[in-house]
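> Test case, fold it:
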Amino acid sequence: MHATATPLLVLLPVICTTIFLTGAAIQLQHPDGKSCIPAERDALLSFKKGITSDPANRLSSWHGQDCCRWSGVRCSNETGHVLKLHLRNQYRGAGFLNGCGDVNALLGQISPSLLSLEQLEHMDLSMNCFTGRNNLSGVIPRHVSNLTAMTLKGSTTLFALELSFPYGDGNIYIGAKISGQFGEILSIITKGQQLRYGNALEHFVSIDLSGNFLSGEIPTGITSLDALINLNLSSNCLRGNIPNKIGDMRSLESLDLSKNKFFGEIPSSLSNLTSLSYMNLSYNNLSGRIPSSRQLDTLGADDPSLMYISNNGLCGPPLLKSCSINDNVVHGNQRSSRQQALELMLFDLGLMLGLAAGLWMVFCALLFMKTWRIAYLQLIDKMSDRI
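Model prediction:
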């Protein structure tokens, strides 16, 4: 009996260790076992349907009910919401920059269903090959404001969206990422410079969609992202007016709308952006007088005119082109048209009230003062006799 028990005693630590490690692995993968949100699982599956090639089998585990256990997906332990999506191509080949030649890159389209992941704090789809007109060409989705983690009402974590620079062959290569508080080094183009951030920034909020084929107008919903610090939509095909509500983005520090097809006047509401330290509106079709404010006048200290060059319709400081008298009158009248209309209405009203008051005073005088009444009647008689 003693001989039989000895092997069991030897195997017992091995069995316990195996059970412990298995449980720990499960715990690390999804600590509380809470299933993901069904709508978010469907959104991820819609994204998977748009992938036409997955040579490295990064999406092979994407099946079953609990998307929180899928490779590259991390969920909140408390709510089950998807917080992190990491599908970066770690096996980038040497010929990647010359085309979609990397044999390990994901191929296909980026489904807009990812915008329904409202609690997403980190997304890395970099170094892959996404194509087609359903991702970063076409119009900016109006439901971009659904990303509530980018408003002050949502998360205070780092949230940066940078999907920029296609390579001219019709394919869009994503070389940066949306990232949150996960300690990675993040490279962002902001204020005209390429900056690298580690885990020191916990409140940086950025959108960089520069260098793509985006068209249409800027959706007004984007102005509701009141925690946004950097907005870079340069080098696209966007057109229309710059939204007047852009002045509501009070946290904005860097704004780059250059190299598009925007037209109309520059919104005076930009003067509300008291945190703004970099702006570039060059190479558009903007017109009218450049608005002036204490904040805007401090931008571009070296050469402020560079912010506005190649907008042939713009005039006034800091450009050398002076506004004509007609420009001054039109621009001034547009800004004060309501005030002028109000002043004219008040003048007419005052004139009418004054006339009515004068007639009433004369009537009362003739009614209650006998001498005035007699004199008035005598005057009427004399005038009638002359006629």
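> Relative to Leu85, how far out is the nearest residue to Phe47 once chain neighbours are set aside?
Nearest residue to Phe47 in three dimensions, chain neighbours excluded: Ser111, at 4.4 Å (Cβ to Cβ, 6 or more residues apart in numbering). Quick note: C-beta positions are derived from backbone N, CA and C, even for glycine. Distance, Ser111 to Leu85, using Cβ to Cβ, to the nearest Å: 12 Å.
> same question, Gly264
Taking Cβ to Cβ, one finds Gly264 at 38 Å from Leu85.
> Which one of those two is surrounded by more residues?
Leu85 (21 against 14; other Cβ atoms under 10 Å).
> Can you check the pLDDT for that one?
For Leu85, the model assigns a pLDDT of 84.
> ditto for the one 4 residues further on
Here the pLDDT value assigned to Asn89 is 73.
> just use 447 as the starting number from now, easier for me
Shifting the count to begin at 447 puts that one at Asn535.
> Thought Ser499 was touching Leu553, still the case?
Yes. The pair Leu553 / Ser499 is scored as a contact, 3.9 Å apart, by Cβ atoms under 8 Å.
> Counting neighbours around each, name which of these two comes out higher.
A side-by-side neighbour count of Leu553 and Ser499, using other Cβ under 10 Å, places Leu553 first with 17 against 13.
> pLDDT of the one helix or strand Leu660 maps to, averaged?
Element membership for Leu660 (DSSP states H and E) is strand 659-662. The average of the pLDDT scores along strand 659-662 is 75.
> Mind giving me the packing neighbours of it?
Contacts defined by 3 or more Cβ pairs under 8 Å, 6 or more residues apart in numbering; DSSP states H and E place strand 659-662 against strand 583-585, strand 683-686.
> worst average pLDDT in those?
Among those, strand 583-585 scores lowest, at a mean of 48.
> Mind listing the strands the next helix or strand after the strand holding Leu660 pairs with, and their directions?
With elements assigned by DSSP H and E, the helix or strand that comes after strand 659-662 is strand 676-678. If you go by DSSP bridges, strand 676-678 pairs up with strand 651-654 (parallel), strand 700-702 (parallel).
> Select, out of those strands, the one closest to Leu732.
strand 700-702 (13.5 Å; Cβ to Cβ).
> Tell me the confidence at the closest residue to Ser517 other than its chain neighbours?
By the measure of Cβ to Cβ, 6+ apart, the closest residue to Ser517 outside its immediate chain neighbours is Ser507, 4.5 Å from it. We have a pLDDT of 92 for Ser507.
> Could you count how many residues lie near Ser507?
13.
> Flag the shaky bits of the stretch 497-646 of the chain, pLDDT-wise.
Within the stretch 497-646 of the chain, the stretches with pLDDT under 70 are 536-549, 572-573, 576-646.
> Can you get me a residue count around Thr720?
Thr720: 11 neighbours (other Cβ under 10 Å).
> Now for the nearest residue to it once chain neighbours are set aside: which residues touch it?
The shortest distance from Thr720 to any non-neighbouring residue, by Cβ to Cβ, 6+ apart, is to Gln741 (5.5 Å). Contacts of Gln741 were listed using Cβ atoms under 8 Å, 6 or more residues apart in numbering, and they are 717, 719-720, 722.
> what about Gln741, distance to Leu716?
8 Å.
> Give the residues shared as contacts by these two.
Joint contacts of Gln741 and Leu716 (Cβ under 8 Å, 6+ apart) are Leu722.
> if we can go back for a sec, look up phi and psi at the residue nearest to Thr720.
With angles defined as degrees, to the nearest 10, Gln741 sits at phi -70, psi -50.
> In three-state terms, label the spatially closest residue to Tyr754 that is not a sequence neighbour for me.
Distances taken as Cβ to Cβ, 6+ apart put Leu760 closest to Tyr754, at 5.3 Å, once the chain neighbours are dropped. With DSSP: H, G, I helix; E, B strand; the rest coil as the basis, Leu760 sits in strand.
> Beta-bridge partners for Leu760, please?
Residues in beta-bridge contact with Leu760 (DSSP bridges): Gly734.
> how many other residues sit next to it?
Neighbour tally, Leu760, other Cβ under 10 Å: 23.
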